[in-house]
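Trainee: coords please:
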Amino acid sequence: MPFKTITTIICNMDADRHALEAATALARREDGHLDVICLGLDRTQPGFYYAGTNAMALQDNLQQAQTESREIEAQVTDFMKTQEISWTANPLTAQMAGLTPQLAHFLRFSDLVVLPRPYGPGRSHEHEEILEAALFSGHVPVLVVPDTADVPQNIERVVVAWNESAEALGAVRSALPILQKADIVDITIIDPPQHGPDRSDPGGSLCQMLVRHGVRAEVSVLAKTMPRVSDVLCRQLRDKDADLLVMGAYGHSRFRESILGGATRHMLELADIPVLMSH
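Mentor: Okay, here's the model as predicted:
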């Protein structure tokens, strides 16, 4: 399905401007519509409030969030009015405790959500929560764009991180409009299981599926010669001079990945090109 409804979420124009620029460029390339959620947050955690807290204090926090949302909307409007695409700015005010269901209600009708990298300078807890709200509650693919990378006008070289998981297959299906236009799509498999169902032809079934969709695909089977799968994958991205990485998100539980780390978090921290992921 083509990307006709693209959404991005701005909670700080300075920190998130690059994601807005990337989403605008993608909407222009796909001849789609861009929805910009201008998010004003009451960042006070519910546990902060003690019994008998003055309702006036709660109202003040929400009013401040509303003011923040309107300021972001004005900044977004100032930027978007010079862009020759179809777009809408949607002001939204939320408390951190209720952020996920509110976002999921908006995002479920999107074909793709474009977000900044959730980790690193200028990022805070809400950026990670926004990403998870899109993946787990909105059930929509997400394109994460590092501050140092742009979405190329022509995405020519794509690496697909393939591990037989439902998450990875979902990401591939979501990325089909991009894969069909690419010059080459490299299905990268790292240390495939010796007794798996595709042990005699790792990645063969996926490659066949993609070829039938008109994708120019090839398979690379790599050994895990570095401590982490993400390190091997980053090296492959450099070797292939890739424009985009497609991968499944959070194959293990989010709790396990947040405590122990995992390929999803490591790639979001390390990748210097856009990453399209799905759960």
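Trainee: in the chain, which residue is most central in space?
Mentor: Computing the C-alpha centroid of the chain and ranking residues by C-alpha atoms, centre = their mean puts residue 142 first, at 3.0 Å.
Trainee: who does that residue form a beta bridge with?
Mentor: For residue 142, the beta-bridge partners are residue 113, residue 277 (DSSP bridges).
Trainee: same check on residue 87?
Mentor: Beta-bridge partners, per DSSP bridges, of residue 87: residue 34.
Trainee: contacting residues around the helix or strand harbouring residue 22?
Mentor: Here residue 22, judged by DSSP states H and E, is contained in helix 13-30. For helix 13-30, the surrounding residues in contact (C-beta atoms under 8 Å, 6 or more residues apart in numbering) are 2-4, 6-10, 32-34, 36, 72, 75-76, 79-80, 83-87, 112, 114-116, 122-123, 143, 145, 147, 150-151, 153, 177, 274. To be clear about C-beta, it is placed using only N, CA and C from the backbone, and glycine gets the same treatment.
Trainee: can we see that at 6 Å?
Mentor: Helix 13-30 is contacted from outside by 3, 6, 8, 10, 34, 72, 75, 83, 85, 114-116, 122, 145, 147, 151, using C-beta atoms under 6 Å, 6 or more residues apart in numbering.
Trainee: now do stretch 99-113
Mentor: 3-7, 94, 129, 133-134, 137-138, 140-143.
Trainee: list the buried residues in that stretch.
Mentor: Neighbour-count burial for stretch 99-113 flags 99, 100, 102, 103, 104, 106, 107, 110, 111, 112, 113 (criterion: 16 or more other C-beta atoms under 10 Å).
Trainee: CA atoms only: put that stretch into PDB for me.
Mentor: The C-alpha trace of stretch 99-113 is given here as PDB (Å, rounded to 0.1, in the frame of the first residue of the first chain):
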ATOM      1  CA  LEU A  99      -0.200  10.000  26.000                       C
ATOM      2  CA  THR A 100      -0.200   6.500  24.400                       C
ATOM      3  CA  PRO A 101      -3.900   6.000  23.900                       C
ATOM      4  CA  GLN A 102      -4.400   9.600  22.600                       C
ATOM      5  CA  LEU A 103      -1.600   9.200  20.000                       C
ATOM      6  CA  ALA A 104      -2.800   5.700  19.000                       C
ATOM      7  CA  HIS A 105      -6.200   7.100  18.200                       C
ATOM      8  CA  PHE A 106      -4.600   9.500  15.700                       C
ATOM      9  CA  LEU A 107      -1.900   7.200  14.300                       C
ATOM     10  CA  ARG A 108      -4.000   4.200  13.500                       C
ATOM     11  CA  PHE A 109      -5.200   5.800  10.300                       C
ATOM     12  CA  SER A 110      -1.600   6.600   9.100                       C
ATOM     13  CA  ASP A 111       0.300   4.600   6.500                       C
ATOM     14  CA  LEU A 112       3.600   5.700   8.000                       C
ATOM     15  CA  VAL A 113       4.900   7.700  11.000                       C
END
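Trainee: average pLDDT across that stretch?
Mentor: Throughout stretch 99-113, pLDDT has a mean value of 91.
Trainee: name the nearest of the contacts of stretch 99-113 relative to residue 217.
Mentor: residue 141 (19.0 Å; C-beta to C-beta).
Trainee: need phi/psi at that closest one.
Mentor: The phi/psi pair for residue 141 (degrees, to the nearest 10) reads phi -70, psi 150.
Trainee: pretty sure it contacts residue 249?
Mentor: No - Residue 141 is beyond contact range of residue 249, at 9.1 Å (criterion: C-beta atoms under 6 Å).
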